[in-house]
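> one predicted model, sequence on top.
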Amino acid sequence: MNQQGVSEICFEETYAVSHDQTARSLFARLPHGREYAQTLIECLATGYLVAVVESICVREMQIHIDATMEVVVGRTVHIEHLGPIPPTTRLRLRGWVEGLGERSATFRVQAYDDHELVLEGIVTLVAAHRASIESRIATKVDALEAARGGGQQG
């Protein structure tokens, strides 16, 4: 990870909220949310808001790593979803690196619509060694498969 480059990250951009990113739309696709999805409001789901913010931070950090050796992964997300965000709203997102660790960066982020501040948050990402993460995933997949297989009768 290029720490100097990461330390200088600052972004400002707009994002258009689509109709398929509402709480009603998201929960209708989840098995445990289908029953009550239609009772929810037609505003951006907090989960999508987190994904939008995290994806921008990952994109910005990705520029400053060696993608053949490293991969950007999320460590911590603290978001305050401060106001409703209806579909077709254009959000103005801004963020900057507030702190650095040896292999991590902590971003301060904000989002505004034309009316108010709708999000404040902190996102911490890590530039992990790709081979190490891939190995950990493979080990976990093997363990999960073994656990599933161990519980089956032959």
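Yep, it's here.
> can you tell me the average pLDDT over the lengthiest helix in the chain?
Scanning the chain for the helix with the most residues, using DSSP state H, yields helix 130-150. The average pLDDT within helix 130-150 is 93.
> so which elements touch it?
Helix 130-150 sits against strand 70-81, with contacts defined as 3 or more Cβ pairs under 8 Å, 6 or more residues apart in numbering; DSSP states H and E. All C-beta atoms are positioned from the backbone trio N, CA, C, and that covers glycine.
> just for the chain, where's the confidence low?
Within the chain, the segments meeting pLDDT under 70 span 150-154.
> residues of the longest helix of the chain that come out buried?
Using 16 or more other Cβ atoms under 10 Å as the test for burial, helix 130-150 gives Arg130.
> with stretch 3-12 instead?
Neighbour-count burial for stretch 3-12 [16+ other Cβ under 10 Å]: Val6, Ile9.
> what are the boundaries of the strands in the chain?
10-16, 70-81, 90-100, 104-112, 117-129 (DSSP state E).
> and Phe27, which of those is closest to it?
strand 70-81 (15.2 Å; Cβ to Cβ).
> and that closest one, which strands flank it?
Sheet pairing for strand 70-81, assigned by DSSP bridges, gives strand 117-129 (antiparallel).
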